[in-house]
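Chemist: sequence-free structure coming up:
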């Protein structure tokens, strides 16, 4: 819709970058849930544990010693993400590392403080899983079903392809030759 001078009305303009940010509520929800898990630890006087620490610390308790690469593989996260997590864990005095079998690797182990926290972390992990199951029963469309449905849809057509479809024609990448075959 245009006015008498041919300009678009404000409500007809393309949204500004970063708005409406369809994913923002999901990111806020996940951050809020992590904050609530951290609150469980704070209520017990534990302020040096963040939710992202729990999985790696439990894995280290079970395996005694792991490289960052092994931790990443076991947790399904990237090497870079686990390297940052291990650095934070070391700063909090929850793990220590020593040279591995070659100059490129380091073995990570729990400190006494890290080992002391693992029983609570394992209990919190199980309690969180049960709380999620119960939360799923409180809502009309369970989160686990949403995730499964999204994964199924993305197997049929990747998210990258879906984004490509929404780019203006001038910014779309040329079709690959073998896509036409």
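Modeler: Looks like it arrived, so ask away. Keep in mind the model is a prediction, meaning the values are calculated, not measured.

Chemist: could you pull out the strands in this protein for me?
Modeler: Assigned by DSSP state E, the strands in the chain fall at 65-67, 95-99, 106-110.

Chemist: looking at these, which is nearest to residue 158?
Modeler: Each of these has some distance to residue 158 by CB to CB; the shortest is strand 65-67, at 31.3 Å. The C-beta positions use only the backbone N, C-alpha and C, and glycine is treated the same way.

Chemist: what lines up beside the closest one in the sheet?
Modeler: Under the criterion DSSP bridges, strand 65-67 sits next to strand 106-110 (antiparallel) in its sheet.

Chemist: now the strand it pairs with, how far from the chain's geometric center?
Modeler: Centre-to-centre, strand 106-110 and its host chain are 23 Å apart (CA atoms, centre = their mean, to the nearest Å).

Chemist: hmm, who's touching that strand?
Modeler: Under the contact criterion CB atoms under 8 Å, 6 or more residues apart in numbering, strand 106-110 has outside partners 57, 60-61, 64-68, 71, 86, 89, 94-100, 118.

Chemist: out of these, which are buried?
Modeler: Buried subset of the contacts of strand 106-110 (neighbour count, 16 or more other CB atoms under 10 Å): 57, 60-61, 66-68, 71, 86, 89, 94-95, 97, 100, 118.

Chemist: min pLDDT across these, which one?
Modeler: Least confident of those in the model: residue 100, at 82.

Chemist: and the residue nearest to that residue when sequence neighbours are not counted, how many neighbours?
Modeler: The shortest distance from residue 100 to any non-neighbouring residue, by CB to CB, 6 or more residues apart in numbering, is to residue 107 (5.0 Å). When neighbours are defined as other CB atoms under 10 Å, residue 107 has 16 of them.

Chemist: is residue 107 bridged to anything, and to what?
Modeler: Counting by DSSP bridges, residue 107 forms beta bridges with residue 67, residue 98.

Chemist: residue 160 versus that one, what's the distance?
Modeler: Distance, residue 107 to residue 160, by CB to CB, to the nearest Å: 37 Å.

Chemist: how about low-confidence regions in the chain?
Modeler: The model of the chain has pLDDT under 70 over residues 1-15, 176-181.

Chemist: for the nearest residue to residue 93 once chain neighbours are set aside, grab the count of nearby residues.
Modeler: The spatially closest residue to residue 93, leaving aside those adjacent along the chain, is residue 113, at 5.4 Å (CB to CB, 6+ apart). By other CB under 10 Å, the residues close to residue 113 number 12.

Chemist: give the contact list for residue 50.
Modeler: With CB under 8 Å, 6+ apart, residue 50 has these contacts: 34, 38, 88.
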